[in-house]
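# I would like to see how this sequence folds:
(one chain, ligands or ions: 1)
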Amino acid sequence: ENTAELRPTHPLAIAPVVAPAASVDGFAKQFLQNLNFDQGVTLSNSDVNDQYLALAYTVRDYLMARWFDDRAQQKAQQNKTVCYLSAEYLLGRQLDNNLLAARLTDIATEALAQCGIDIDDLRQVEIEPGLGNGGLGRLAACFIDSLATMSIPTIGYGIRYEYGIFRQAFNEGQQVEQPDAWLRMGSPWDFAHPEAAQTISFAGTTETYDDEGVERTRWVPEWNVLAVPYNMMVPGYHNGRVNTLRLWRAVATNAFDLHTFNSGDYVESVRAQTFAENISKVLYPEDSTPQGKELRLQQQYFFVAASIADFIENVLPDDFDIEKLPERVIFQLNDTHPVIGVPELMRVLVDEKKLEWDAAWAITQKCFAYTCHTLLPEALEVWSVDLLGHLLPRHLEIIYRINDEFLLEVRERFGDDEMLIRNMSIIGEHPSRSVRMAYLATVAGSKVNGVAELHSQLLRDNVLKDFATMWPDKFTNVTNGVTPRRFLRLANPDLSSLITEALGAGWTVDLERLRGLEALADDADFRERFAAVKASNKRRLSSVLEARGEAPLDDGHMLDVMIKRLHEYKRQTLKVLHIVSTYEGIVSGRLDVDEVQARTFLFGAKAAPGYGMAKRIIHLINAVGEVVSADERVKGKLKVVYPANYNVTLAERIIPAADLSEQISLAGKEASGTGNMKLALNGALTIGTDDGANVEIRKLVGDDNFFLFGMSEPEVEELWAEGYRPADFYQKDERLRSAIDLIASGAFSGGDRTVFEPLVSNLLYEDRFMALADFSTYLDAQDRVDAAYADQDGWVRSAILNVARSGYFSSDRAMRDYLDRIWHATPVS
Ligand code: Z16
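Numbers count the residues shown, from 1 in each chain. You can find the predicted model right below:
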C-alpha cells in the first residue's frame, strides 16, 4: 500500500516487529500503556469504555506482527487468493473471538484482574458490527473465520456501513426501528487506509476513440467518489494466520463538488458532499427480498469496483501479467449483490488493459464463481435497464454484448427456439426491460452453487434449469456450515469443556471428531453432566433476559426457540397457531392443563421495515404472548418471550440454552438455514420440514432424533398446481378453526377484531406459504415432541446424538468443499 520505499537507518526501525510478551505482566503493561497513550486516561480516571478500547488495542498488538507477515506474504506469494465479495458481513462481537484465536483469554483475564478490572464488564460494552441482515451475512463471517483457520490466503471485501442492521425496539408489541450507530463509541478493530483509496466513477456517457489505429471504447463518467478501505484482522484459530477483511467507506472527492455542483456556493458544495458519502451510509434491511433502489446499485458497484481495482493494483505484484489473473484470484460472488463485478472486470480488461474481448471474457469466466442463496423469485435481483444504463452506461453495453454472444451460443446449441431464448436471456423484457443478475452470474461464473443439497437440486431443476442443461458441469452444491469456534467453543464454554474432557481439544478444528460422543450418549453419568450444562445455559440466558427487562425463564420449561428473520416463508405464523391452539385447548377444556408440557416459546426476529405483513406477525406474537403468559387458567405452563433486537450477541446466549429448534419453513423455500445447524450442534432437537439443510441434518442425526412434519417439496408443488384453497383446511380441522377464530375474535387485541383481520384473511384466502396445509401434521409432531420430552433420559440421549452427528456442519468442511469443487486454492505454510 505504501508505494514510497522507506530506507530507515535507526536499528529499531529495521528490526522485525515483535508482539508484546505473551505473559500476564506483558499483557498488563501493554494494556496500561494503551490506556494511557491511546485512550489518554489513567487507570483510575478510566471508564469501562476506555478500558474496553485499551483491551481491544492490546489484543490487536499481539496479532499485528502476524498480520504484517501475512500481508507481505500475500504480495510475494504465487498462491491463488480467495476474494470473497459480499455486501454483508454479520460479524458479531470481536473481542472474545480474537482473544481465543490468539490464545490470550486466560492471560488477559488475569492481567485485567490484577488491574482491578473484571473482563466480563468489558465484554458487555462491545457493540457488535451488524453489517448484515441474517443468514447470508453471518455465513460470510463464518467463512472468513474458517479460511483464516485453514491458512488460505483470503481477502473479504465488503462495505463499511456507517449504520448496520437497525436496532429493533417494541412499542406496544409493534416493531420500531432505530439507527444502529455502531461506530459511536469507537471502532478499535479496524484501520483506515486513506492512502489506498480508490476513485469510483458513475454515470456519464461512453465514446469510441482511435487508439493508434484500433477503435476502442471509453467511459466518460459524470461524477465520482472515493472508496477508502478499512482493514480488519481475521485471525485464524491458534495458527498464527491473520487474514484481512477490507471494508470500503465512501468519501467525497475534491473533484466531486467542482464537477457536479459548480455553483460557486461553498457551503452548498460542502453540503453536497453528503450525496457521495451516502453510498456507505446504511445497510439495506431487506433479507432476501431486495428493493431495486438506485442507491443499492451504487453500493454494489462501489464496493466491487474498489475491490477489483485494489486486488489488481495493490495485491498483485506491479509487473503482473494480467492474462494470468485466473491463476492468482477467484472472486466468489456471494449472491447476486456483487455481480456487477463481471462487467466491471471486463471493462478493466478491455478498456483499460486493452485486451481483446475474447481473451478478456475467457479470463473473466475463470475468475468468478457464483453462490445462489435463494429460490424465491422475488429475491432474484433484477435491475431496470434504464437505471443501470444511467448509472453505469459502459457496463450496460458490456452486458448487452455478453448477452448477444451468449444467446448465439444458445442458438447454436438448441436451435432457434425463440421461447427458450427469451427465457434464458440476461435481459428480461417483462414486465419491463431489466438485467437478470442471477443469469449474468450463471453465464459468467466458472461454477454456480446452491447452499444445501435440496436447494442445489431445485436450482438445477427449476430456477436455472436451461442453464443446467446447457452446462451440467457448471452446477454444484456446497452445503453451508457454521464456525465451531464462535458457535460452540465461545458460545457454549461448559459444553466445550465437557467435550474436550471426553475427546481432547482437537474437535475445534476437526469437528467430525464429535462423533466420539456417540458412545457417551448411553453413559448415564455423561448424560447427567450434559443435562447439567443445558440447565446452566438456561440460567445464564435467563439472567441475560432479565438484564434486558424480560421475565426470567421458568425452571422445568422446555425452551422452544424460533430465531431467524421474520418472513412469511419461514412461517412464524405456524408457530403462533401452535401456541394459540394449545392455549385455546386449555381454556376450552379440550386439554387438561395439568397434562400440558410446560414450554417457553422464545422468538427472535427482525422484520424488514417496509414489510407490512411481517410486522403484523410480530405484533401478533407479542399480543398472543401477553395474553397467554398472563392467563391464570394456563397456570404458567405456556410462556412467550420475544426479546427485542435479536442479533449475533443474543444468538450466542440463546442457542446453547435451547431444547427445541423450530425449522418450519414451507418445503422448497428455505435455501439452507444455518441457525438450524448451530442449534443442533448445541444439542437442540429439531422440529422441521424437509427443507434446506434440514434434510441433511435429519439424515445425519437420524429420524429418531428429529421431528419431521409437513409436505415434501414435490407435494407442495402438487397441491399448489391443483389450486390451493387454505379455507378448506380451516373448514376441515376443528383445532385450526378454533385457533384462527380465537385470533379473529379479538381475544389478543383487547376485543378489537380489526387489528389482526388482514393477517387472518391472508391466511384464509391466500396463505402463499401454506401454513394451514401443514398445520395438522405440525401439531402431531409437537405431540411427539411432548412425549419425547417427558422421557428426559431419552431426550438428553437424542440431544447428545445431535451434537455428535453435527460435525459435518462446520464451515471448515464447507471451505474444503469450496476449495475442492470451485476455488482450487491451497493453504500457505
Ligand atoms: C439471505 O440472508 C439469504 C438468502 C438471500 O438470497 C439473501 C439473504 Cl440477505 C439466506 C437464506 O435465506 C438462507 O436459507 C441461507 O441459509 C443463508 O442465506 C445462507 O446461505
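
# Other residues contacting the strand or helix carrying Phe526?
Using DSSP states H and E, Phe526 falls within helix 524-547. The contact list for helix 524-547 (Cβ atoms under 8 Å, 6 or more residues apart in numbering) reads 492, 494-495, 498, 502, 520-521, 551-553, 559, 641, 643, 650, 653-654, 656-657, 659, 683, 792-793, 796-797, 799-800. In short, each C-beta sits where N, CA and C put it, glycine included.

# Quick one: mean pLDDT for it?
Here helix 524-547 scores 98 as its mean pLDDT.

# likewise stretch 87-106?
pLDDT averaged over stretch 87-106 gives 98.

# Check the offset of whichever helix or strand Ala28 is part of from the chain's centre.
In this assignment (DSSP H and E), Ala28 forms part of helix 24-37. The chain centre lies 35 Å from the centre of helix 24-37; the measure is Cα atoms, centre = their mean, to the nearest Å.

# For the closest residue to the ligand within the chain, give me phi and psi.
Using Cβ to the nearest ligand atom, the single residue of the chain nearest to the ligand is Gly135, 2.9 Å away. Dihedral pair for Gly135: phi -50, psi -50, per degrees, to the nearest 10.

# residues contacting it?
Per Cβ under 8 Å, 6+ apart, neighbours of Gly135: 287, 373, 564-565, 672-675.

# Now with 10 Å, please.
Residues in contact with Gly135 (Cβ atoms under 10 Å, 6 or more residues apart in numbering) are 88, 90, 287-288, 373, 451, 480, 564-565, 670-675, 692.

# how about the residues of this protein near the ligand?
Within reach of the ligand by Cβ under 6 Å from any ligand atom, the chain has these residues: 133-136, 139, 287-288, 335, 373-374, 379, 451, 480, 670-674, 692.

# Among the residues you listed, which ones are in helices?
135-136, 139 (DSSP state H).

# With respect to Glu294, which of those is nearest?
Leu136 (21.7 Å; Cβ to Cβ).

# how deep is the closest one tucked in, by neighbour count?
26 (other Cβ atoms under 10 Å).

# tell me the pLDDT at the residue nearest to it when sequence neighbours are not counted?
Excluding the flanking residues, the one nearest Leu136 by Cβ to Cβ, 6 or more residues apart in numbering is His373, at 5.4 Å. Note on His373: pLDDT of 98.

# tell me the contacts of His373?
135-136, 139, 288, 334-337, 379, 449-451, 455, 480, 671-672.

# Next: Val760.
620, 730, 740-741, 743-745, 753.

# Spell out which helix or strand contains it, please.
helix 757-765.

# Can you list the buried residues in that helix?
Buried positions in helix 757-765, judged by neighbour count with 16 or more other Cβ atoms under 10 Å: 759-760, 762-764.

# With pLDDT as added columns, please give those residues in CSV.
Output for those, formatted as CSV (pLDDT from 0 to 100):
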residue, pLDDT
Leu759, 98
Val760, 98
Asn762, 98
Leu763, 98
Leu764, 98
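
# just the residues you listed now: which is nearest Gln782?
Checking the buried residues of helix 757-765 one by one against Gln782 (Cβ to Cβ), the nearest turns out to be Leu763, at 18.7 Å.

# Does the closest one touch Arg616 like I think?
No: at 11.2 Å, Leu763 does not count as touching Arg616 under the criterion of Cβ atoms under 10 Å.

# which residues do these two both contact?
By Cβ under 10 Å, 6+ apart, the residues touching both Leu763 and Arg616 are 573, 756.

# Make sure Gly689 is actually in contact with Ala771.
Quick fix: residue 689 is Thr, not Gly. No: between Thr689 and Ala771 there is no contact, the gap being 11.2 Å when judged by Cβ under 10 Å.

# Find residues that contact each of those two.
By Cβ under 10 Å, 6+ apart, the residues touching both Thr689 and Ala771 are 571, 574, 664, 666, 710, 778.

# how close does the residue lying closest to Gly516 once chain neighbours are set aside get to Leu100?
Excluding its sequence neighbours, the residue lying closest to Gly516 (Cβ to Cβ, 6+ apart) is Leu503, at 4.5 Å. For Leu503, the distance to Leu100 equals 18 Å [Cβ to Cβ, to the nearest Å].
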